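Student: build me a structure from this.
(chains A, B, C and D)
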There are 2 protein chains.
Amino acid sequence: MSKLSKRDHLVKTALELFNKHGFHAVGIDTIVQKAQVSKKTLYNHFHSKNELILATLRYYDETSRNFYVREVEKRSKAPAEQLLAIFDIAEEVFNGSSFYGCVIVKAIGEFSEIDEAIRRSCEESKRLLYEYIEALAKKSNAQEPESLAKEICLLLEGAIVMAQVSGDSQIAFIAKSMAKKCIDEQVGQTV
Amino acid sequence: MSKLSKRDHLVKTALELFNKHGFHAVGIDTIVQKAQVSKKTLYNHFHSKNELILATLRYYDETSRNFYVREVEKRSKAPAEQLLAIFDIAEEVFNGSSFYGCVIVKAIGEFSEIDEAIRRSCEESKRLLYEYIEALAKKSNAQEPESLAKEICLLLEGAIVMAQVSGDSQIAFIAKSMAKKCIDEQVGQTV
DNA sequence: TATTGGGTAGACAGAACTGTCTACCTTATG
DNA sequence: CATAAGGTAGACAGTTCTGTCTACCCAATA
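Tutor: Numbers count the residues shown, from 1 in each chain, chains lettered A, B, ... in the order given. The predicted model follows:
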C-alpha cells in the first residue's frame, strides 16, 4: 500500500521534472529531494535511473492516453466528432501550466541512439495513440482509415511542436480545422 | 584562416553529435576527440559548452534554411509549387543518414527551462522559417498568407516528428498532399 | 637563426551524478 | 512488549563532466 504510493509518487514527481527540464538534466538527488523520499527508497523500487525513466514513460503513456479517451467520450458520441474533439482537448493541455511539449518526443530525442528499451517504449506509445485514432477513423466509416489516422496524428504532433515553440495554444484550432477537412473528405460532411 | 576552419570544424562535429545523441548526453571530451582538436582550442573559441551549443544552433539554422531555400528555388519558380517542394526536400532529409529529428526542437526540450539564450535562439530559428514560408505564401497570392504559413509550418513540424518516431520518410508526401489542399483553397487550383 | 603564435596532449581541480551502504527511526502486528 | 519490515538521512565510492593550465611542438616570418 504505502509501497505502491511511494513508487507512484516517485514516478509522478520524476515525470514532472523530466517533462520540464529534460531527462539528462534532472539528477536522482533532485528527484528524491522533490519527492521527499530517500535515495534508498528510490533504488529499492528502481534498479537504475533508466528504469525509473521507463516507468515514467509508461505512466505518462497510460494516464495521458486515458485522459484523452475519457475526455473524447465526454465531449461527443459520434466518432467523426470525437476525432475533432482531440484538438479541443489538446488546446486545453497546451494552455495548462505543465505543458512543455511532448515528453515522448523529448525522450526519443535524448535516448533514441543511447537506450534501446527507452526508444522502443516511445515507439510503442506513439503506436498506441495511432491505433486509438485509427479505431475512431474506422468507426466513423472513413474510406481509408489508416490514411486518415496518419493525417490526424501528423496534425496533432505538429500542433504540439508549434504550441511548445510559440507558446500559442490556439494553434490547436488551426489543426482542428485542417483535421475537419481531412475527415469531411473521407466521411462526407458530418459535423 | 586555420582559426576559422578549426572553429567551423568544431561546430560541425558538435552538431553531428548533439543531433544524434542530444546535448546533455554529449560531453566536451567526446567532441574534441571526434573533432581531433585539443580541449584548449575548443575553449579558445568558446567560453563554455553552452556557447558552443549556441554557435551550433546558429550554424544549423543558417545552413539548414539556406539549404531549403536553395533547393526550393532549384525545383520550381512558381511560389505555390515552391511551398509544395518543401515537402519533397523534407522527404529527402528524412531519408538521409543524419536525420534524428529536429535539432531545434531537441534543444528546446533540453534547455527551454534552463538556458534563456538557447531558448531564444530556438524561437528565432523557428520564426525565421515561418517568415520564409509566409513570404512564399504572400508571393503565391494566398488570401490569408499568415494563416497558410502557419498551416504549412504545422504540417512540416508534424512530418518531422512522425518521420523521427516511425522512421518512415514517406510521411512527408502525406503532409505534402495536405499542404496542397490548404494551398488550393487559398490560391485556387494552381498546380 | 631566433622568435612568436597557435596548435597538441593531457594532467588536474572542482563539481555533479549514479548507485551503495550504514545507522537510525517508525509503525504495524504477533 | 518485542520484532520485523520498510522507511529516512545522508555519508561515501567511483565515475564523469566542465573548465583551467602547463609543457611541449611546429611552422611562418623578421
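Student: count the neighbours of residue A:117 for me.
Tutor: The tally of other residues near residue A:117 (other C-beta atoms under 10 Å in any protein chain shown) stands at 13. For the C-beta atoms, the positions are set from N, CA and C on the backbone; glycine is no exception.
Student: which secondary structure element contains it?
Tutor: Here residue A:117 sits within helix A:116-139, counting by DSSP states H and E.
Student: mind checking the pLDDT average for that helix?
Tutor: The average of the pLDDT scores along helix A:116-139 is 97.
Student: what residues of the longest helix seen in chain A count as buried?
Tutor: Selection of the longest helix in chain A by residue count, based on DSSP state H, yields helix A:49-75. Residues of helix A:49-75 classed as buried: A:49, A:52-57, A:59-61, A:64, A:68, A:71-72 (neighbour count, 16 or more other C-beta atoms under 10 Å in any protein chain shown).
Student: near DNA strand C, from these?
Tutor: Restricting the buried residues of helix A:49-75 to those adjacent to DNA strand C (criterion: C-beta under 7 Å from any atom of the strand) gives residue A:49.
Student: export the buried residues of helix A:49-75 to a markdown table and append columns for distance to residue A:25 and pLDDT.
Tutor: Shown next, in a markdown table, are these (distance: C-beta to C-beta, whole Å; pLDDT from 0 to 100):
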| residue | distance to residue A:25 | pLDDT |
| --- | --- | --- |
| A:49 | 12 | 95 |
| A:52 | 15 | 95 |
| A:53 | 13 | 96 |
| A:54 | 18 | 96 |
| A:55 | 19 | 95 |
| A:56 | 14 | 96 |
| A:57 | 16 | 97 |
| A:59 | 19 | 95 |
| A:60 | 17 | 97 |
| A:61 | 21 | 96 |
| A:64 | 21 | 96 |
| A:68 | 27 | 97 |
| A:71 | 31 | 97 |
| A:72 | 33 | 97 |
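Student: quick one: contacts of stretch A:80-90?
Tutor: Outside of stretch A:80-90, the residues that reach it under the criterion C-beta atoms under 8 Å, 6 or more residues apart in numbering or on different chains are A:67-68, A:71-73, A:75-76, A:133, A:136-137, A:140, A:152, A:155-156, A:159-160, A:163, A:172-173, A:175-176, A:179-180, A:183, A:187, A:190-191.
Student: what do you get if the cut-off is 6 Å, keeping everything else the same?
Tutor: By C-beta atoms under 6 Å, 6 or more residues apart in numbering or on different chains, the list of residues contacting stretch A:80-90 from outside reads A:68, A:71-72, A:75-76, A:136, A:140, A:152, A:159, A:172, A:175-176, A:183, A:187, A:190-191.
Student: and the pLDDT for the residue of chain A found nearest chain B?
Tutor: Among the residues of chain A, residue A:158 lies nearest to chain B; the distance is 2.8 Å by C-beta to the nearest C-beta. Reported pLDDT at residue A:158 in the predicted model: 98.
Student: hmm, back to that, the helix holding residue A:117 close to chain B?
Tutor: Yes. Contact between helix A:116-139 and chain B, assessed by C-beta under 6 Å from any C-beta of the partner chain, occurs at residue A:126.
Student: picking up where we left off before, and the contacts of stretch A:80-90, which of them are buried?
Tutor: With burial judged by 16+ other C-beta under 10 Å, the buried subset of the contacts of stretch A:80-90 is A:68, A:71-72, A:136, A:140, A:152, A:159, A:172, A:175-176, A:183, A:187, A:190.
Student: what does chain A put close to DNA strand C?
Tutor: Counting by C-beta under 7 Å from any atom of the strand, chain A sits next to DNA strand C at A:27, A:28, A:29, A:30, A:39, A:40, A:43, A:47, A:48, A:49, A:50.
Student: re the thing from before, return the member of the contacts of stretch A:80-90 nearest to DNA strand D.
Tutor: When the contacts of stretch A:80-90 are compared for distance to DNA strand D (C-beta to the nearest atom of the strand), residue A:68 comes out closest, at 31.6 Å.
Student: perfect, I'm done here.
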